[in-house]
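*Asks:* No sequence on hand, only this structure:
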Ligand SMILES: Nc1ncnc2c1ncn2[C@@H]1O[C@H](COP(=O)(O)OP(=O)(O)OP(=O)(O)O)[C@@H](O)[C@H]1O
């Protein structure tokens with residue numbers, strides 16, 4: 001069985017202003033092609049966990065494996081490369097650079113990876129936009145498109161380096177029901193057609209119920225998965 005992500009006994013304390021045990025012995029796996037959601041009350045530790053799983057926070061105990069390789073303890077430089085190569089990230093807010101075109105926004109993480117020529121990255125970026133039915137937006141300025149379109153552009157940007165796992169922190173939290181449905185359908189298609197793995201934090205039960213699996217958190221623990 002190939003695990004794209006494996007968390008083993010992840011534990012974390014926030015030490016200031018007082019000691020707070022935010023994550024307690026978190027262990028779970030995500031298989032290739034699996035679409036999993038993380039749910040739980042506000043403050044249960046979902047974002048803190050996702051921050052660790054996406055390798056951005058290194059202040060924890062336990063082990064994290066991505067694509068079978070141990071990630072815990074690696075240098076910031078190596079983690080940055082692992083993130084660029086393996087993880088796509090979609091947030092509640094799109095974080096597009098408003099003065100840049102849609103195409104330039106999607107190309108940026110490709111340039112950071114440095115594995116393809118600029119022409120290849122542009123071709124790939126246009127292909128991702130086409131795949132999400134927004135090829136016609138390529139030359140538009142990111143500030144001039146709608147909220148739903150921005151989130152689809154953010155998804156295209158997250159896919160530009162062909163990640164093995166797409167992580168989302170409330171990716172539909174800022175969208176109306178039409179655009180939220182659209183994002184869910186895109187994620188489902190990416191899983192079915194490309195075998196992409198997805199791990200998405202959401203408050204939306206309807207959304208979560210239409211994925212493969214709900215990982216439920218309470219008070220820093222996984223209580224159901
Ligand atoms: N830097 C920090 N220092 C101390 N406590 C923190 C810090 N960041 C978060 N916390 C606390 O850790 C707990 C978990 O926060 P986290 O953001 O992971 O929860 P969440 O489940 O994602 O919540 P929400 O659904 O509201 O986004 C909360 O009680 C929060 O107040």
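*Replies:* Here it is on my side, so go on. Fair warning: this is a prediction, and the values are worked out from it, not measured in the lab.
*Asks:* in this structure, which segments are predicted with low confidence?
*Replies:* Low-confidence segments of the chain (pLDDT under 70): 1.
*Asks:* In the chain, which helix is the longest?
*Replies:* Ordering each helix of the chain by length in residues (DSSP state H) puts helix 177-194 first.
*Asks:* Need the contact partners of it.
*Replies:* Outside of helix 177-194, the residues that reach it under the criterion C-beta atoms under 8 Å, 6 or more residues apart in numbering are 33-35, 132, 147-148, 151-152, 155, 159, 166, 168, 171-172, 175, 196-198, 200, 204, 207, 210-211. Glycine gets a C-beta too; all of them are placed from N, C-alpha and C.
*Asks:* which of the residues you listed count as buried?
*Replies:* In terms of neighbour count (16 or more other C-beta atoms under 10 Å), the buried residues within the contacts of helix 177-194 are 33-35, 132, 148, 151-152, 155, 159, 166, 168, 171-172, 175, 196-198, 200, 204, 207, 211.
*Asks:* So which bits of the chain are right by the ligand?
*Replies:* Proximity of the chain to the ligand, by C-beta under 6 Å from any ligand atom, involves residues 14, 20, 22, 40, 42, 43, 44, 45, 46, 47, 48.
*Asks:* Give me the distance between the second one and residue 42.
*Replies:* Right, residue 20. Taking C-beta to C-beta, to the nearest Å as the criterion, residue 20 is separated from residue 42 by 15 Å.
*Asks:* before we move on, which element is the residue positioned nearest the centre of the chain in?
*Replies:* Central residue of the chain (C-alpha atoms, centre = their mean): residue 167, 1.8 Å from the mean position. Element membership for residue 167 (DSSP states H and E) is strand 165-169.
*Asks:* elements contacting that strand?
*Replies:* Contact analysis of strand 165-169 by 3 or more C-beta pairs under 8 Å, 6 or more residues apart in numbering; DSSP states H and E lists helix 46-53, strand 87-90, helix 147-159, helix 177-194, strand 197-201 as its packing neighbours.
*Asks:* Reformat the ones you listed into a markdown table and put distance to residue 104 next to each item.
*Replies:* Formatted as a markdown table, the entries for these read as follows, by distance: least, C-beta to C-beta, whole Å:
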| stretch | distance to residue 104 |
| --- | --- |
| helix 46-53 | 27 |
| strand 87-90 | 18 |
| helix 147-159 | 10 |
| helix 177-194 | 21 |
| strand 197-201 | 26 |
